[in-house]
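J.: Build me a model from this:
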Amino acid sequence: MAGTLWSAVADLVLPVECAGCRASHEPLRRGACARCAAELSALRPFPARPDPLPAGLPDCVAVGAYEGPLRQTILSYKERRRSGLAAPLGEMLAEAVARAAGGAPRAVLLVPVPATAEAARVRRGDHMRRLAARAARRLRRAGWAAAVACPLRALPKPDAAGLDAVRRAAVAQASFRVRPGRVPRTRAKAAGRAVIVVDDIVTTGSTLAAVTTVLAAQRLVVDGAAVLAATRRRRPG
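T.: From the prediction side, this is the model:
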């Protein structure tokens, strides 16, 4: 599927600012100007390993680093209500899922990290569920037997921006619950499929690890994780 990102459909001229650099008065392609579209199209998935590595984190693949046009495009989608970006971002996520699942077409089950009720209200829906659906659609077009399951719900949690890795992990572990009645159906969907947890950004890996742990307690084995972006952590000195 490489080379298909951000290259298929042009938007009408000047509907909104560029999602990648926020420039105005530029012709856009799928929400991005020509320069940002080229940078996004050039991204290729890579293994993302937070340091320190949290217990329970499966092998994770990211589309790119959380910087530049990719960072701004994710923010435009999540925080600036550019829901139309779900299509190209979902296709990018599909590339990471394919890498996480081994590269060759196979049966996969995507489990998106759920949004809290408040986040879904502000963003007019669960942003990761939309991306997972788009990614699964892209994978099916490429010959994969892809499906989506949403067995978990997210509880309200404090802002983790200022927390260290240990505290992030503690918050994450308490933030997810099984949705009543969903686990048996998810187990049925998972039979014979690689289970891939998907999220938008990985920082410490605590959220992905927590979701994996909750699913494992329900006898749902996670085979890998896929995200749009990985942050670059900078140590003092």
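
J.: Report the helix or strand with the lowest average pLDDT across this structure.
T.: Ranking every helix and strand in the chain by mean pLDDT, DSSP states H and E puts helix 165-173 at the bottom, with a mean of 73.

J.: could you point out which element follows that helix?
T.: As assigned by DSSP states H and E, the chain's next helix or strand after helix 165-173 is strand 176-178.

J.: Okay, buried residues for that following strand please.
T.: Across strand 176-178, burial judged by 16 or more other Cβ atoms under 10 Å covers 176, 178. Any C-beta I mention is one placed from the backbone N, CA and C, and that applies to glycine too.

J.: Strand partners (parallel or antiparallel) of that strand?
T.: Strand pairing for strand 176-178, using DSSP bridges, gives strand 152-154 (antiparallel).

J.: tell me the mean pLDDT over the strand it pairs with?
T.: Strand 152-154 shows an average pLDDT of 94 in the prediction.

J.: element containing residue 69, please.
T.: Residue 69 is located in helix 68-78, with elements delineated by DSSP H and E.

J.: send the alpha carbons of that helix over as CSV?
T.: C-alpha atoms of helix 68-78 as CSV (Å, rounded to 0.1, in the frame of the first residue of the first chain):
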residue,chain,number,x,y,z
GLY,A,68,5.8,18.9,11.6
PRO,A,69,2.8,18.4,9.2
LEU,A,70,1.8,15.1,10.8
ARG,A,71,1.5,16.7,14.3
GLN,A,72,-0.5,19.6,13.0
THR,A,73,-2.8,17.4,10.9
ILE,A,74,-3.6,15.2,13.9
LEU,A,75,-4.3,18.3,15.9
SER,A,76,-6.5,19.7,13.1
TYR,A,77,-8.5,16.4,13.1
LYS,A,78,-8.8,16.1,16.9
